[in-house]
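Undergrad: Output the structure for:
(one chain, ligands or ions: 1)
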Amino acid sequence: MPYETILVERRGKVGVITLNRPKALNALSSVLMDELARGLDELEADDAIGCLVLTGSEKAFAAGADIKEMQDKSYMDVYKADFITARWEHITRIRKPVVAAVAGYALGGGCELAMMCDFIIAADTAKFGQPEITIGTIPGSGGTQRLTRFVGKSKAMDMCLTGRMMDAQEAERAGLVSRVVPAAELMDEVIKVAERIADMSRPMVMMAKESVNRAYETTLSEGVRFERRLFHSTFATEDQKEGMAAFVEKRQPAFKHS
Ligand SMILES: CC(C)=CC(=O)SCCNC(=O)CCNC(=O)[C@H](O)C(C)(C)COP(=O)(O)OP(=O)(O)OC[C@H]1O[C@@H](n2cnc3c(N)ncnc32)[C@H](O)[C@@H]1OP(=O)(O)O
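TA: Okay, the predicted model is just below:
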């Protein structure tokens, strides 16, 4: 079935999903979020793809959940449908890495969606914020939780209570984004990063992702034990033998993803 609100492309080993509702600044409607889940599943299932990129337009990664769609919902509507989280958290269950390439506005649900990716590379035009307070609600898809883990309590409170936006430089200083690049170079830079990841051993990439994510869900000692067990398991793989042999033989590894 064709997509109406996203574009799904393959650039070699990299799968790119572009949010595509330009007239609404990529407001995250239920149709868009359903299509995003479908697009992610399509790329997850494609063995040729080693890394995913999620991006928007020059003006907006996404300006949040679709306010026009939400405004008339009742408490029962949102409670019974478990609006918004059930649908939105799909991206966090993707096992391949997902890099967010953010230019322009990443507000509300847009900021939350970017934070659900594995890391964020921002254009120097990016603006992050949780402005829900300004429209009479609060973040509903992890904004108060993930933002606090990224930037700490003081800045998260400031963002969530005032609804102010953070520019790309502040977001980098605060640890929300991993790097900032000139807007004109955003996609080239992100594709280079994604290609580098896609060239690594796929099972090792998945294990590293799983292990870093465990840091958010458990204690330090449990996390370190989890990491060590995964580390041990890498010694049962062909790619560990190949990677270390290639280092010793001073050549590039040829990973078989096994
Ligand atoms: C996940 C949860 C629980 C909650 C949320 O995400 S709530 C939403 C949080 N986001 C916001 O509150 C941001 C809303 N948008 C804005 O404040 C502004 O649009 C802007 C600052 C991002 C850009 O302002 P600008 O003047 O440049 O552009 P606009 O004329 O305001 O917008 C263009 C066009 O897009 C529509 N739009 C923008 N954001 C949304 C949105 N979140 N939902 C639905 N539609 C949105 C806007 O209405 C306008 O369309 P029309 O010209 O047809 O009205």
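
Undergrad: CA atoms for contacts and neighbours, from now on please.
TA: Will do.

Undergrad: Report the buried residues of stretch 152-162.
TA: Of the residues in stretch 152-162, 156, 159-160 count as buried by neighbour count, 16 or more other C-alpha atoms under 10 Å.

Undergrad: cool, stretch 133-150 as well?
TA: 133, 138-144, 146-148, 150.

Undergrad: who are the neighbours in contact with L176?
TA: Contact analysis of L176 by C-alpha atoms under 8 Å, 6 or more residues apart in numbering lists 115, 120, 147, 150-151.

Undergrad: now these as TSV including secondary structure, distance to the ligand and pLDDT?
TA: TSV is the format used below for those (DSSP: H, G, I helix; E, B strand; the rest coil; distance: C-alpha to the nearest ligand atom, whole Å; pLDDT from 0 to 100):
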residue	secondary structure	distance to the ligand	pLDDT
M115	helix	12	98
I120	strand	18	98
L147	helix	13	98
F150	helix	18	97
V151	helix	19	98
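
Undergrad: Among these, which one lies nearest to H257?
TA: I120 (25.3 Å; C-alpha to C-alpha).

Undergrad: any idea whether A101 is helix, strand or coil?
TA: Following DSSP: H, G, I helix; E, B strand; the rest coil, A101 is assigned to strand.

Undergrad: I'd guessed it sits against V190; true?
TA: Yes - using C-alpha atoms under 8 Å, A101 is in contact with V190, at 6.6 Å.

Undergrad: Need the overlap of contacts for these two.
TA: 53, 121.

Undergrad: which one of these two has more residues nearby?
TA: A101 (28 against 22; other C-alpha atoms under 10 Å).

Undergrad: Dump the contacts of L176 to CSV, plus distance to K250.
TA: Compiled in CSV, the contacts of L176 are given as follows (distance: C-alpha to C-alpha, whole Å):
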residue, distance to K250
M115, 38
I120, 33
L147, 42
F150, 38
V151, 40
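
Undergrad: Do a quick rundown of the strands in the stretch 51-200 of the chain.
TA: Along the stretch 51-200 of the chain, counting by DSSP state E, counting those that start in this stretch, strands occupy 51-55, 60-62, 98-102, 105-107, 119-123, 127-129, 165-167, 179-181.

Undergrad: out of those, deepest packed?
TA: Stretch with highest mean neighbour count among those: strand 60-62 (a mean of 31; mean count of other C-alpha atoms under 10 Å).

Undergrad: Quick one: mean pLDDT for that strand?
TA: Mean pLDDT, computed over strand 60-62, is 98.

Undergrad: Same check on stretch 137-144?
TA: For stretch 137-144, the mean per-residue pLDDT is 97.
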